[in-house]
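Novice: below are the sequence and a predicted model for it; my questions follow.
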Amino acid sequence: MKNHNKRDDASLLSETRARMGEHYTANQVLGRTQTIGCVAVEITQRCNLDCTLCYLSEQSQSVQDIPLAEVFRRLDDVIQHYGAGTHVQITGGDPTLRKHAELIEIVRYAADIGLYPALFTNGIAATRTLLEKLAAVGLQDVAFHVDTTQRRAGYQTEMDLNVIRKDYLSRAQGLGLMVVFNTTVHEGNFGQIPNLVRFFVEQSAQIGLVSFQLQAETGRGEWRARDALISQQSMKRQIELGVASSLPWGVVDFGHGDCHSYMPTTVVNNRVFSVIADRDLFGRFLADFQHIRTDRHAHRYQVVLDYGLALLRRPKWWWPALRYLASQVKTMGKHLWLARGRVHKLSFFMQNFMDATQIEQARVDACSFMVMTADGPVSMCEHNAKRDDFILQPLQVAKPDGTIEHYVPIPDITKYRRVSGGN
């Protein structure tokens, strides 16, 4: 493990505020409670699916896994750039195709140095046994990507795929992991989104967040640019159809507004209620309580305790807090009684990735979703647009014993040169 010269939170947050520029609004989470949304660390390029919409390279299946020492170094770099408590995606390809012993060591290392590791997988090889082992060494989240772009045999619609989603939920049940479902949105499943949202609501006791990723043109895969039908606004309407109510989008700013939409909700008796609808109130709350760094993985009672103590020290918030609580109880009404007080958290998140030929520098600068490469963090959209430049890069990796390992992505150097020359 590297001897980390940890930088203080204040300087890291200051860097984020400077990077956000005009997007650092009164309601912007980044620069206040977080230095970055998340950072992806790709530990393999191999995958066990052949999706119609794919962010991998045409060469990915031939690329050797980067050495374990290089994975650890990139995790160290996440700490250096964004600090402890950063959410890191252990991803790929599909990370479960790496040797499971190495995957476990990667998750253990990430947790040991103070990161919050999440496994991003299509779930095929994410067995209950593997998830148990990963949870035991510090895995915090498991994000299952399931949708109709994956061409799983025998499953034609998103509703058909709910059988798989339920199976994945059972694998993760009781392990203390927050479960996330990722869905790529395209013309073929756009009309199915409301029904899919209803399914997520019904399973909200086990799901913490659902993320919808709008189709983007990376220059690879069978499908290219998305239909004009699919936009952030049209997706918001589809989600609202699924929850059978309007939602106050735009209260919480998370990164660049053209890139992300975030809607935290609670589910009571299968009814969905927004957590906060007043943009001005949330902005004032964020300003006064941004020092509280309680992570989303903390037990709900810990969250209540942390904010409760902070409220006691700020009398000016006592009345607004009581009004807010009374308003929530009134809005939920009989559903609180019918649910016997059970309230589940369910957040909706939307990723509007840029096409490879339409990269906007302003959005790259304010990015909340980075990939850690050999040369440092890069915006996910920029990484997807130039993936071969990053994954086909030979490396010299310092091993723990002081020796140098020479890593060549594709062992057949002739093939590698031919591929590189074409970029």
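Specialist: It's in.
Novice: test my guess that residue 81 contacts residue 376.
Specialist: Yes - with contact defined as CB atoms under 8 Å, residue 81 reaches residue 376; the gap is 7.2 Å. Just so you know, the C-beta spots here come from the backbone N, C-alpha and C atoms, and that holds for glycine as well.
Novice: with neighbour numbers in mind, choose between these two.
Specialist: residue 81 (18 against 12; other CB atoms under 10 Å).
Novice: nearest residue to that one other than its sequence neighbours?
Specialist: residue 377 (5.6 Å; CB to CB, 6 or more residues apart in numbering).
Novice: tell me the first helix or strand C-terminal of whichever helix or strand the one you found is part of.
Specialist: Element membership of residue 377, judged by DSSP states H and E, is strand 376-379. Heading C-terminal from strand 376-379, the first helix or strand you meet, by DSSP H and E, is helix 380-385.
Novice: do a quick rundown of the strands in the stretch 201-350 of the chain.
Specialist: 207-214, 260-268, 271-274, 344-351 (DSSP state E, counting those that start in this stretch).
Novice: what mean pLDDT does the shortest one get?
Specialist: Across strand 271-274, pLDDT averages out at 96.
Novice: quick one: end-to-end distance for stretch 105-122.
Specialist: 20 Å (CA to CA, to the nearest Å).
Novice: residue 24 contacts residue 31, doesn't it?
Specialist: Yes - judged on CB under 8 Å, residue 24 makes contact with residue 31 at a distance of 5.3 Å.
Novice: what sits against residue 185?
Specialist: 193, 212, 213, 214, 215, 230, 235 (CB atoms under 8 Å, 6 or more residues apart in numbering).
Novice: now it: phi and psi?
Specialist: Dihedral pair for residue 185: phi -100, psi 130, per degrees, to the nearest 10.
Novice: how much space between it and residue 158?
Specialist: For residue 185, the distance to residue 158 (CB to CB, to the nearest Å) stands at 10 Å.
Novice: quick revisit: distance to residue 200 and mean neighbour count added to the strands of the stretch 201-350 of the chain, as JSON lines?
Specialist: Formatted as JSON lines, the strands of the stretch 201-350 of the chain follow (distance: least, CB to CB, whole Å; neighbours: other CB atoms under 10 Å):
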{"stretch": "strand 207-214", "distance to residue 200": "5", "mean neighbour count": "21"}
{"stretch": "strand 260-268", "distance to residue 200": "9", "mean neighbour count": "21"}
{"stretch": "strand 271-274", "distance to residue 200": "10", "mean neighbour count": "20"}
{"stretch": "strand 344-351", "distance to residue 200": "7", "mean neighbour count": "20"}
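Novice: pretty sure residue 276 is touching residue 247, no?
Specialist: No - look at residue 276 against residue 247 with CB under 8 Å: they stay out of range, at 11.0 Å.
Novice: okay, the residue nearest to residue 120 when sequence neighbours are not counted: pLDDT?
Specialist: Ranked by CB to CB, 6+ apart and with sequence neighbours excluded, the top spatial neighbour of residue 120 is residue 91, at 4.0 Å. Note on residue 91: pLDDT of 97.
Novice: ok, which stretches of the stretch 151-300 of the chain are helices?
Specialist: 162-172, 193-202, 232-243, 279-289, 300-312 (DSSP state H, counting those that start in this stretch).
Novice: okay, those in CSV with mean pLDDT and distance to residue 408 next?
Specialist: Shown next, in CSV, are the helices of the stretch 151-300 of the chain (pLDDT from 0 to 100; distance: least, CB to CB, whole Å):
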stretch, mean pLDDT, distance to residue 408
helix 162-172, 98, 36
helix 193-202, 98, 42
helix 232-243, 97, 41
helix 279-289, 93, 48
helix 300-312, 77, 47
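Novice: hmm, back to that, for the strands of the stretch 201-350 of the chain, give me TSV that also has distance to residue 180.
Specialist: Shown next, in TSV, are the strands of the stretch 201-350 of the chain (distance: least, CB to CB, whole Å):
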stretch	distance to residue 180
strand 207-214	5
strand 260-268	13
strand 271-274	17
strand 344-351	9
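Novice: low-confidence regions, this protein specifically.
Specialist: Counting by pLDDT under 70, the low-confidence segments of the chain come to 1-6, 219-224, 293-301, 412-423.
Novice: in it, which residue is closest to the centre?
Specialist: Among the residues of the chain, the one closest to the centroid is residue 38, at 6.3 Å (CA atoms, centre = their mean).
Novice: quick one: that residue from residue 195, how far?
Specialist: Where residue 195 is concerned, residue 38 sits at a distance of 28 Å (CB to CB).
Novice: what does residue 110 give?
Specialist: Taken as CB to CB, the span from residue 110 to residue 195 is 36 Å.
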